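Peer 1: Got a predicted structure plus its sequence, pasted below:
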Amino acid sequence: MAPRGSWHQIKGRWTRTLGEHGLRVRLFQMRKGGTFYRDVWLPEVGKDRKYLQTTDRAEAERLGRAFLAARLREEHEAPLSRVLTLGTLWDRFRRESQNFLDNSPHSRQDAAVRAATLIAYFGKDCDVRMLSGDDQAAYTIARRAGGIQVSPEYVTAPVRLRTAESDLVVLHQMLNWASTVRVKGVRLLDGNPLAGIRRAREQNPRRPIASHERFVATRAAMQMLHDEEETDPARARWLKMELALVLAEATGRRLGAIRQLRWEDIDWAACTIHWRAEADKKRREAVIPMPLPLANELRRFQRRLGTMSGWIFASQHSADRPMDRHLFDNWLRRAEKAAGLKKLVGGLWHPYRRAWATARKHLPITDVAAAGGWKDTETLLTCYQQADTQTLLAVMAEERKVHESHIATAANG
């Protein structure tokens, strides 16, 4: 067995200890081939851990010896960060992080629920500097199993892996933010202690697509339900629902942006739709051209609804605000049931967004992202555009062959 003072491996992870009794610096990896950390016990701080931002043993040893020398000379190269509890981190993050504050209210509320679950598991007094890959893995297991007491009224239920991963995304966002903030010249956090540690990911995420047949059947059911109603408000409700479905299928936009459209956002002369930043999940503004058939559809709906301005989907109780999004969900479920359709597992409105993206795989990805309101093309490619039988068959039926002359040309640059 190698002595503690020299480099050795424990389960494939390199570690060694520098210094003598009273002042020892431990260098180690949290995972095989990962970044190095250093631990030291300091009387004025307690256990202090720092992310060294290197995977090279020689560089980690150099940093460790430099720190040790500075301590022995009682000279600090930089002030040391103090204990940062998870409760304090979340409180500051939700009030001070500009990226978080720029999110929509719905996104901020979702993050708050996830943060509450993290705090319930780790404890509000958990020192985030001490978090490790083992802690992250243990949280994933506990979150999937359920049983975390978040409040006297709420205990988490068993969930899929994707939910646990989404919680940890919020945790990493907080840790990364804290490493960029200084208080009186001292970083709130030296670095993200979980940087470089992979999160477990769902191998088969549920991302259903709404087919065109589903759209046609649901729309027909909404028209039937409209005709069966006996009062004008009830008929107007189904008319608005049909319009929302038409917009979802034709624009690929999120329900949150659709339900907050105003008639003033439709420019009939220029034939465009103005998607306002305040109604967008990513807070991005865009003016997108609309095809003439969609413009004609919107004109017909406007005449039937008898409105010229204001919210397109105004609340029945107050014309000053849009309808609640949960009503859209409830009425879409009712229409699908009336159409004899089974509920898609993993989505209601979003499957239309995936269908819109998938149907446009043959078009330039940058334009598809801009038209549909995606901030980056990576998300569009990995989470929305999916393989389908038609394009798979086209790939398999491709008749072109690679000949020797092509190979030679490619090899020669």
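Peer 2: Received, thanks. Residues are numbered from 1 along each chain as shown.
Peer 1: quick one: stretch 282-295 to chain centroid distance?
Peer 2: Between the mean C-alpha point of stretch 282-295 and the mean C-alpha point of its chain there is a distance of 24 Å (C-alpha atoms, centre = their mean, to the nearest Å).
Peer 1: mind listing what's buried in stretch 385-394?
Peer 2: Within stretch 385-394, the residues that count as buried by 16 or more other C-beta atoms under 10 Å are Gln385. Backbone N, C-alpha and C define where each C-beta goes, glycine included.
Peer 1: That one: end-to-end distance?
Peer 2: End-to-end distance for stretch 385-394, by C-alpha to C-alpha, to the nearest Å: 16 Å.
Peer 1: Tell me where the stretch 301-413 of the chain has helices.
Peer 2: Along the stretch 301-413 of the chain, the stretches classed as helices by DSSP state H, counting those that start in this stretch are 325-338, 350-358, 365-372, 377-379, 389-396, 404-411.
Peer 1: And the one residue sitting closest to the centre of the chain, how close does it get to Thr379?
Peer 2: Against the mean C-alpha coordinate of the chain, by C-alpha atoms, centre = their mean, the closest residue is Ser166 at 6.7 Å. Here Ser166 is placed at a distance of 14 Å from Thr379 (C-beta to C-beta, to the nearest Å).
Peer 1: Please parse this structure into its domains.
Peer 2: Each domain of the chain is listed here as a residue range: 8-72, 86-187, 212-393, per automatic domain parsing.
Peer 1: end to end, how far does the last one reach?
Peer 2: One end of domain 212-393 to the other measures 19 Å (C-alpha to C-alpha).
Peer 1: what mean pLDDT would you report for it?
Peer 2: With pLDDT averaged residue by residue, domain 212-393 scores 94.
Peer 1: How many residues are close by Arg360?
Peer 2: By the other C-beta atoms under 10 Å criterion, the neighbourhood of Arg360 contains 18 residues.
Peer 1: contacting residues around it?
Peer 2: Arg360 is in contact with 252, 368, 385, counting by C-beta atoms under 8 Å, 6 or more residues apart in numbering.
Peer 1: before we move on, back to that, how about the helices of the stretch 301-413 of the chain in TSV, adding distance to Ser132?
Peer 2: TSV is the format used below for those (distance: least, C-beta to C-beta, whole Å):
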stretch	distance to Ser132
helix 325-338	39
helix 350-358	35
helix 365-372	37
helix 377-379	29
helix 389-396	43
helix 404-411	47
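Peer 1: Is Asp48 in a helix, a strand, or coil?
Peer 2: With DSSP: H, G, I helix; E, B strand; the rest coil as the basis, Asp48 sits in strand.
Peer 1: circling back: would you tell me which one of the helices of the stretch 301-413 of the chain is buried the most?
Peer 2: Mean neighbour counts were taken over the helices of the stretch 301-413 of the chain using mean count of other C-beta atoms under 10 Å, and the top value, a mean of 21, falls to helix 350-358.
Peer 1: just the strands in the stretch 201-350 of the chain please.
Peer 2: Taking DSSP state E, counting those that start in this stretch as the criterion, the stretch 201-350 of the chain contains strands spanning 266-267, 272-275, 286-289.
Peer 1: Out of those, the one nearest Gly191 is which?
Peer 2: Checking the strands of the stretch 201-350 of the chain against Gly191 by C-beta to C-beta gives strand 286-289 as the closest, at 36.2 Å.
Peer 1: So for that closest one, what gets flagged as buried?
Peer 2: Residues Ala286 are the ones in strand 286-289 that count as buried (16+ other C-beta under 10 Å).
Peer 1: And for stretch 202-213?
Peer 2: Within stretch 202-213, the residues that qualify as buried by neighbour count (16+ other C-beta under 10 Å) are 208-210.
Peer 1: contacts for that stretch?
Peer 2: Contacting residues not belonging to stretch 202-213 are listed as 160-162, 165, 249, 344-347, 351-352, 354-355, 358, 383-384, 386 [C-beta under 8 Å, 6+ apart].
Peer 1: ok so, going back, so which of the helices of the stretch 301-413 of the chain is nearest Ala234?
Peer 2: Proximity of the helices of the stretch 301-413 of the chain to Ala234 was assessed by C-beta to C-beta; the nearest stretch is helix 325-338, lying at 10.9 Å.
Peer 1: Using CSV, write out every CA atom in the closest one.
Peer 2: Extracted in CSV, the C-alpha atoms of helix 325-338 (Å, rounded to 0.1, in the frame of the first residue of the first chain):
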residue,chain,number,x,y,z
ARG,A,325,-53.7,28.3,-18.3
HIS,A,326,-55.2,25.5,-16.3
LEU,A,327,-58.5,26.1,-18.1
PHE,A,328,-56.8,25.5,-21.4
ASP,A,329,-55.6,22.2,-20.1
ASN,A,330,-58.9,21.2,-18.7
TRP,A,331,-60.9,22.0,-21.8
LEU,A,332,-58.3,20.4,-24.1
ARG,A,333,-58.7,17.2,-22.1
ARG,A,334,-62.4,17.4,-22.4
ALA,A,335,-62.3,17.9,-26.2
GLU,A,336,-59.8,14.9,-26.6
LYS,A,337,-62.2,12.8,-24.5
ALA,A,338,-65.1,13.8,-26.7
